[in-house]
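Undergrad: Fold the following, please.
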Amino acid sequence: MRPAGQCLDGFGRSVDEGFDAAVAPVAHPSGKAKSFGSCAQRPAVADALHVAGDAQVAADCFVHDDLSRRLSWPGLTGNTGIIQGNEKKKLNRRGPDARSGRTPVLKVLLLLPLFGALLLTVLPSRNVDLLRHVAALVAGAAVLCSWWVLAGFELGVAGFQFFETRPWNPRVGSSFALGVDGFSLPMVLLATLLTFVAVLASGGIRSGAKVYYVLILVLESAVLGVFTARDWSLFYVFWELTLIPLFFLIDRLGGPNRHRAALNFVLYTMGGSVFMLVAFLLLYDAAPEHSFAMADMATGGASLPVKTQILIFSGLLIGFGVKMPIVFMHGWLPLADVEAPSPVAILLSGVLQKMGAYGLIRAVGMLPGAALALQDWLAALALVGIIYGAVLAWRQTHLKAIVAYSSISHMGVVLLGIATLNAAGLTGAVMQMVAHGLAAGLLFLLIGLLQERSQTCDLAAYGSLNRSAPRFAACLVFAFLAAVGLPGSAGFVAELHVLSGGFGRWGGWLVVLSIGMLISAAYALRVVRRLSTGPERASGSASPSRPGIAAFADLDRVEVVTAGLLATGIVFIGFCPAPLSGLLAASVAQLARQFGG
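TA: This next block holds a predicted model:
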């Protein structure tokens, strides 16, 4: 007999008591424990055990049937037994992908670039073409993997899909949790596409090619980790990991002021990360069971007083605002874009800035009280940034600087869309993130190819490209017009959504956005006029080592195809925005409902 109060099975204390009552009179007829020495007693004991055992099995069946109804486990019936029930619990801890037998595709997506980087380390450094082809193959495989995720993504589901989690540091409540929703999946698709384009555009990288391609693939893995992380501690690790490859890519392979540009980038970003970390720790303290899971921290954050939410949100705004960048936090961007190799600038403007906007969207959903309280201030910052960035871009003569400052203006449109806190504005914000990523990527691709051929980015050095390089001229004209939101481009659809979402809240104040668009059109047309008209200008002697502007080659087939990938995305979204808006709809609606939008 067992000690008093100890149960055989946590499912049925009443059954255990019945078991004791059935066995005790036979096992202990005198009230004391005795050995089963009598043969006559053994059948009675066996019968009692048999009856009690049947009662215990019936109780187990009832409990497992109840669990089956509550948890909706397929195939779990009353006679399943305790072993299969425990197996179901283990599968439940492994996430829905494990339960359905689905391949952990997000882990594959994250590890694929890292595998490619390791593969590159064992290849000979002298064979630059082999390194480039292998890097392009790995980046292309990541693109296909991201489209695999898209193919399995269920439209209309607001929650995270392809969710998978493993305990990482249970003592502090962190886990290696991955998943995608309508906000993160477009960013994953954009990041893999632009990384592939950046690798294809890296034909001019000859010195230090192995280190360059390894760092590009490590950067891709870190960026994808930011967009798929479902745990804030994991998000922060990936966020900081992006600094390492970018620092060396700028510092080792950049222009004359590369050391200053790399240092500015790291200092600005790390300074913002300090505020972000403090905000995360405050939210961690408020989260149920002290967990870094995004859902738990959102629950804890929403329950905080509004003043506390504003304090925490301000820290997150600084951290994410540096990377966007929001006006007054943009000091690192122009120098980094100008000094970085053009393929790296594609990733800086096309992907890295979107990390900040993406994080801000998550922060708005996590601290709704602060977002409502600061809504007008966010809109004011956005409108100032739109005008400020457009005016500075108009005053530049360096092609890369023009695109860099214009990014501040375009990301101001993103911030304005987020500040609307309604479905139309949030949809426009994410669409603008995608549109700007494609347009900025195309511009830096073409400007980088121009710089390789002419050894300059000075706008005054160019003229009449439509005669010497018509494909170049046509692509540049398209890229600049798409960047300012030409009707039929992705930017036009995005800005229209933001205008629609913001008009009901701020009304006539949105004329500032219209003025910003006019200034953007002015500098774009100035660049187009300078590039496409006037006499052909030579930047020095026309020689094989330094060809003049009138002598350099037009875009080749590979370059045309690479530029065509981005141009196709811009035009497709511009004329057929329904697939992208449908991808966003459920997640946007869920977030907007928190604010009555």
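
Undergrad: For the rest of this, base every contact and every neighbour count on C-alpha atoms.
TA: OK.

Undergrad: Okay, strands next: where are they in this protein?
TA: Secondary structure of the chain by DSSP state E: the strands cover 161-169, 174-180.

Undergrad: just checking, which of the ones you listed sits deepest inside the structure?
TA: Mean neighbour count, computed with mean count of other Cα atoms under 10 Å, is highest for strand 174-180 among these, reaching a mean of 21.

Undergrad: elements contacting that one?
TA: Here strand 174-180 is seen to pack against helix 105-121, strand 161-169, helix 209-228, helix 232-241 when contacts are counted using 3 or more Cα pairs under 8 Å, 6 or more residues apart in numbering; DSSP states H and E.

Undergrad: And the contacts of the first one?
TA: So that's helix 105-121. Helix 105-121 has contacts (Cα atoms under 8 Å, 6 or more residues apart in numbering) with 131, 134-135, 138-139, 141-142, 145-146, 149, 162, 178-179, 210, 213-215, 217-218, 220-222, 224-225, 228.

Undergrad: Figure out which of the helices and strands packed on strand 174-180 is closest to Ala435.
TA: Closest approach to Ala435 among the helices and strands packed on strand 174-180 (Cα to Cα): helix 209-228, 17.4 Å.

Undergrad: What subset of the contacts of helix 105-121 is buried?
TA: Neighbour-count burial within these applies to 131, 134-135, 138-139, 141-142, 145-146, 149, 162, 178-179, 210, 213-215, 217-218, 220-222, 224-225, 228; the criterion is 16 or more other Cα atoms under 10 Å.

Undergrad: Spell out for me which residue occupies the centre of the chain.
TA: Centroid check for the chain by Cα atoms, centre = their mean gives Phe227 as the closest residue, at 2.0 Å.

Undergrad: low pLDDT regions in the stretch 451-597 of the chain?
TA: 534-552, 597 (pLDDT under 70).

Undergrad: What are the boundaries of the helices in it?
TA: In the stretch 451-597 of the chain, the helices defined using DSSP state H, counting those that start in this stretch lie at 465-468, 470-483, 490-506, 511-532, 557-575, 578-593.

Undergrad: Arrange the ones you listed in a markdown table, one row each, with mean neighbour count and distance to Asn422 as further columns.
TA: Shown next, in a markdown table, are the helices of the stretch 451-597 of the chain (neighbours: other Cα atoms under 10 Å; distance: least, Cα to Cα, whole Å):
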| stretch | mean neighbour count | distance to Asn422 |
| --- | --- | --- |
| helix 465-468 | 18 | 44 |
| helix 470-483 | 21 | 25 |
| helix 490-506 | 22 | 6 |
| helix 511-532 | 19 | 18 |
| helix 557-575 | 17 | 21 |
| helix 578-593 | 19 | 5 |
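
Undergrad: Leu421 is nearest to which of these?
TA: Of all the helices of the stretch 451-597 of the chain, the one in closest proximity to Leu421, counting by Cα to Cα, is helix 578-593 (6.0 Å).

Undergrad: Count the neighbours of the nearest residue to Asp181 once chain neighbours are set aside for me.
TA: Across the structure, with Cα to Cα, 6 or more residues apart in numbering as the measure, the residue nearest Asp181 apart from its sequence neighbours is Phe160 (4.8 Å). When neighbours are counted by other Cα atoms under 10 Å, Phe160 registers 18.

Undergrad: Wait, the residue nearest to the centre of the chain touches Met187, no?
TA: Yes. Shown here, Phe227 and Met187 form a contact pair, counting by Cα atoms under 8 Å, at 6.8 Å.

Undergrad: contacting residues for Phe248?
TA: Taking Cα under 8 Å, 6+ apart as the criterion, Phe248 is in contact with Leu215, Ala262.
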